[in-house]
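**Q** build me a model:
(chains A and B)
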Protein chains: 2
Amino acid sequence: MNIPETELPRVVIIGGGFAGISLAQKLLKLPVQTVLLDRHNYHTFQPLLYQVSTSGLEPDSIAYPLRKITRLHTGGYFRMGEVTGIDAELNMVHSDIGDLKYDYLVIATGSKTNFFGNKSIEEHAMWMKTVPQALNIRSLILENLEQAVITEDPEKRKSLLNFVLAGAGPTGVELSGAIAELRNNVVPEDYPDIASDEMQIHLLEGLDRVLPPMSEKASKSAHKFLEELGVKIHLNTMVESYDGHLVKTNTNLELRSETFIWSAGVTGAPVAGLNASAMIEKANRYHVNTFNQVNGYENIFAIGDIAIMQSGDYPRGHPMVAQPAIQQGSHLAKNFSRLLKGENLKPFEYFDKGSMATVGRNRAVVDIGKFKFGGFFAWYIWMFIHLWFLIGFRNRFVTFFNWVYNYINYDKAARLIIRPFKGFKKAMETNQKKV
Amino acid sequence: MNIPETELPRVVIIGGGFAGISLAQKLLKLPVQTVLLDRHNYHTFQPLLYQVSTSGLEPDSIAYPLRKITRLHTGGYFRMGEVTGIDAELNMVHSDIGDLKYDYLVIATGSKTNFFGNKSIEEHAMWMKTVPQALNIRSLILENLEQAVITEDPEKRKSLLNFVLAGAGPTGVELSGAIAELRNNVVPEDYPDIASDEMQIHLLEGLDRVLPPMSEKASKSAHKFLEELGVKIHLNTMVESYDGHLVKTNTNLELRSETFIWSAGVTGAPVAGLNASAMIEKANRYHVNTFNQVNGYENIFAIGDIAIMQSGDYPRGHPMVAQPAIQQGSHLAKNFSRLLKGENLKPFEYFDKGSMATVGRNRAVVDIGKFKFGGFFAWYIWMFIHLWFLIGFRNRFVTFFNWVYNYINYDKAARLIIRPFKGFKKAMETNQKKV
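**A** Numbers count the residues shown, from 1 in each chain, chains lettered A, B, ... in the order given. Sure, this is the predicted structure:
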């Protein structure tokens, strides 16, 4: 990979998500050579991906070049490549751009969509973990609207105008809310030949409430907000198959749809090569101690979604969201500092800042400790927090401007089919999971 | 295409470029049914495409949803589709989304890249007429930089860091200037392992000066500006072939390059079906009278790049740039108004507002009538005019903000490889010309 060997210890970080960049940003101040590896050359702010999918934001506003992070330090390197394996005996990672020795390895590979082994869903559904996938959803939604207006077969038209989402976690709730706003505010203007009740949004959830990880109160408010926006919610409903046209469930419900979005679960995205004891098989995640050291290894760490740190408060590990990842990255940087000075490592403690989800304009739900509230104030907090955590002044400013613009104009301005999804679908089938 | 027949005369416009939307915007006030057809669902502001190619602007900032134009009038329709032919006997257009009858047809299909029959260039070069093509160039530039830093073969590394452009018209000049700025301002920060003189930009021009359509003075200033930025200019040099790795010219010059951009000419992009007499064969453009009526047809018009209107001042037609297109579209709308009232049509007269090109920060050249100047003031005018003509407040605002941000920070912030070009290249080979 053309990285010079120096007398500094080399820390290799796999993955430029929340955990990886939180660590990298802090590491740059330490006497180490940091190498950040990612298959993309940018960090993705995943909590706002759903706004890219629904024409609210442009992709560049929520992505940040990783080289802007590594360039802050002369001992910082970035390499774009996909890690294919780890050889812990040799202290080496293998990748599609070559091998690299490490002194310390930090695995921050995050999570990937979990299809629970359902092949028909994996083959035909859309999902949203990366910017290109979010753009594919945006294109597909807009292409289906374009096709609906020229389709004379009423069944086909209905199928094109039916949008079905499986999984009412934050992603499913936020995405279905945003599609509903597109339907309520943009479609009547842009597509006068589509009647407002023709376009339908169905949100399916296997459990008995939306937003299962949040409080009962949040679930209740979100449910009400979604219904106000016109989203049809189906609880206790599990999808059994999707053939590209028909969604079948374990209840009697069958829905014709050309747009089926799978947001029903994630699983760890580990790298090959470590011993079986390093993994919690069921979760596909690395078993780490309170220092984020992977079970059985001294110099290999895992942080963020890919790590399970079992503790009294979190017997099944921390939630797979941004905050634990950011905090673990930042904590590990401090532990590296201690390690280099020969001091003892300190255990990680998670500070739960709460959780939140937005459903649409003026509608969000927030759980912060004992405080659980919804509505305009929650929505305001949600916006503030998301702007705060976005990386880079430019991204914050452009995102803020777009929100104000969209709010005032009831608009979603980025509704452009830059790369038609259908045209590329065939060509992409082999690549989609990689990009 | 599912468009209702009404008692209003139907005007079908093929193409949502400058000419097409200039007409559509004005037609919406007349008692006609307007149908705008385009293969994209957005208008592209082509003069700023080169900034998308070089990470200065995001694609959504220079594109504008066409439905935002047609939705302003109940008699306005937009359909996304590719017109495949015209049947003038039946007053009908054929397209990949069906057939459509017209009362009046306006062809505004613009121009396409001209390879002058050179197959090796058409097959291996990059070119830039659409947003996806501009994004492909952006990805390729960034991918080649990423690959250069991990390449150990010095010849290959040189080839990856050599950027070659053929054709020093406005596109070639602006693009090579912007790549040079990327090299001067961003690469030293982002890629400390690339020495500044390793990355080279070569601009090849067959004639004896850059910017041949502009004044001698503009050519001279632009030449000086480009050299100041470090662009190597080769005049009187024609490219003979490019095999994907080696650019061969009619002089002794041979350049190894993985990035060869063809900006050496355009030709009309006509639609099949009209009589031979309608066309000026050599130019691939429709022969129109001073009312923009296509030679031999009463109810078929052509406007913008695709039309040649020969007159005393412009024996070979107007220049193929935005201004004649905008003015012809707007003029034709007025003539439609006269036509509907039974009045006589008025001949088109072109008002030459001048021409300009930008080379980089603080560097532009402007020819307005007798006034020919270059430098900071020209650059300022250039920015103002381009913001003015951008469609939509949001686009203007975001573009302005990005310019200010990039200017202050010597940055090009949108340097994200959202869709890797190389990975998709194979898959795209069959699609590229269409998207």
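**Q** ok so A:Val187 is a helix residue?
**A** Yes. Counting by DSSP: H, G, I helix; E, B strand; the rest coil, A:Val187 is found in a helix.
**Q** how about it, what does it touch?
**A** Counting by CB atoms under 8 Å, 6 or more residues apart in numbering or on different chains, A:Val187 touches A:Leu145, A:Ile194, A:Ser196, A:Met199. C-beta: built from backbone N, CA, C; applies to glycine.
**Q** can we see that at 10 Å?
**A** A:Leu145, A:Ala148, A:Leu161, A:Glu181, A:Ile194, A:Ala195, A:Ser196, A:Glu198, A:Met199 (CB atoms under 10 Å, 6 or more residues apart in numbering or on different chains).
**Q** nearest spatial neighbour of the third one, chain-adjacent residues omitted?
**A** Excluding its sequence neighbours, the residue lying closest to A:Leu161 (CB to CB, 6 or more residues apart in numbering or on different chains) is A:Met199, at 4.6 Å.
**Q** for the contacts of A:Val187, which one is nearest A:Lys232?
**A** Closest to A:Lys232 out of these is A:Met199 (11.5 Å), distances taken as CB to CB.
**Q** what pLDDT does the residue nearest to A:Leu161 get?
**A** Looking at A:Met199, its pLDDT is 97.
**Q** pretty sure it sits against A:Asn162.
**A** Yes. Between A:Met199 and A:Asn162 there is a contact under CB atoms under 10 Å: 8.0 Å.
**Q** so what's in contact with the two at the same time?
**A** Common contact partners of A:Met199 and A:Asn162 (CB under 10 Å, 6+ apart): A:Asn144, A:Ala148.
**Q** before we move on, the earlier item: please name the residues that touch the residue nearest to A:Leu161.
**A** A:144-145, A:148, A:158, A:160-163, A:179-180, A:182-184, A:187-188, A:191, A:230.
**Q** next, give phi and psi for it.
**A** phi -90, psi 120 (degrees, to the nearest 10).
**Q** can you show me the strands along the stretch 101-250 of chain A?
**A** Using DSSP state E, counting those that start in this stretch, the strands assigned to the stretch 101-250 of chain A run over residues A:104-107, A:111-113, A:162-166, A:200-204, A:231-234, A:239-242, A:246-249.
**Q** okay, the closest residue to A:Lys372 other than its chain neighbours and B:Thr34: tell me how far apart.
**A** For A:Lys372, ignoring the flanking residues on the chain, the nearest one in space by CB to CB, 6+ apart is A:Lys217 at 4.4 Å. Taking CB to CB, to the nearest Å as the measure, A:Lys217 falls 51 Å from B:Thr34.
**Q** higher neighbour count, the two?
**A** B:Thr34 (26 against 13; other CB atoms under 10 Å in any protein chain shown).
**Q** what's the first-to-last distance across stretch A:185-205?
**A** With CA to CA, to the nearest Å as the measure, stretch A:185-205 spans 26 Å from end to end.
**Q** tally of neighbours for the residue in the stretch 151-300 of chain A that chain B sits nearest to?
**A** Across the stretch 151-300 of chain A, the shortest distance to chain B (CB to the nearest CB) belongs to A:Asp190, at 4.2 Å. Counted with other CB under 10 Å, the neighbours of A:Asp190 add up to 22.
**Q** tell me the contacts of it?
**A** Counting by CB under 10 Å, 6+ apart, A:Asp190 has contacts A:142, A:145, A:149, A:182, A:412, A:415, B:41, B:65-68, B:70-71, B:78.
**Q** make TSV out of these and add distance to A:Ile86 and secondary structure.
**A** Output for the contacts of A:Asp190, formatted as TSV (distance: CB to CB, whole Å; DSSP: H, G, I helix; E, B strand; the rest coil):
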residue	distance to A:Ile86	secondary structure
A:Leu142	41	helix
A:Leu145	45	helix
A:Val149	52	helix
A:Leu182	43	helix
A:Lys412	43	coil
A:Arg415	43	coil
B:Asn41	45	coil
B:Pro65	47	strand
B:Leu66	50	coil
B:Arg67	50	helix
B:Lys68	51	helix
B:Thr70	55	helix
B:Arg71	54	coil
B:Phe78	52	strand
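**Q** so which of those is the closest to A:Phe336?
**A** Distances from A:Phe336 to these, taken by CB to CB, are shortest for A:Lys412, at 42.9 Å.
**Q** show me which residues of the stretch 151-300 of chain A are close to chain B?
**A** A:Thr151, A:Glu152, A:Arg157, A:Val186, A:Pro188, A:Glu189, A:Asp190, A:Tyr191, A:Pro192, A:Asp193 (CB under 10 Å from any CB of the partner chain).
**Q** do that again at 8 Å, thanks
**A** A:Thr151, A:Glu152, A:Glu189, A:Asp190, A:Tyr191, A:Pro192, A:Asp193 (CB under 8 Å from any CB of the partner chain).
**Q** just the ones of the residues you listed in helices?
**A** A:Glu189, A:Asp190 (DSSP state H).
**Q** quick one on the thing from earlier: selection in PyMOL covering whichever of the contacts of A:Val187 are buried, please.
**A** Buried subset of those, written as a PyMOL selection, criterion 16 or more other CB atoms under 10 Å in any protein chain shown:
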select buried, chain A and resi 145+148+161+181+194+198+199
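**Q** export the contacts of A:Val187 to CSV and tack on distance to B:Phe393?
**A** Below are those laid out as CSV (distance: CB to CB, whole Å):
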residue, distance to B:Phe393
A:Leu145, 24
A:Ala148, 29
A:Leu161, 30
A:Glu181, 20
A:Ile194, 26
A:Ala195, 30
A:Ser196, 27
A:Glu198, 30
A:Met199, 27
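**Q** show me the contacts for A:Ala166.
**A** With contacts defined as CB under 8 Å, 6+ apart, A:Ala166 is in contact with A:Ile121, A:Ala125, A:Gly172, A:Leu204, A:Glu205, A:Val239, A:Val247, A:Phe260, A:Ile261, A:Trp262, A:Ser263, A:Ala264.
**Q** okay if I get the residues you listed as CSV plus pLDDT, neighbour count and distance to A:Asp60?
**A** Putting the contacts of A:Ala166 into CSV (pLDDT from 0 to 100; neighbours: other CB atoms under 10 Å in any protein chain shown; distance: CB to CB, whole Å) gives the following:
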residue, pLDDT, neighbour count, distance to A:Asp60
A:Ile121, 96, 22, 30
A:Ala125, 96, 23, 26
A:Gly172, 97, 26, 25
A:Leu204, 98, 27, 32
A:Glu205, 98, 25, 33
A:Val239, 97, 25, 33
A:Val247, 98, 25, 33
A:Phe260, 97, 26, 28
A:Ile261, 98, 26, 23
A:Trp262, 97, 24, 26
A:Ser263, 96, 26, 23
A:Ala264, 95, 25, 29
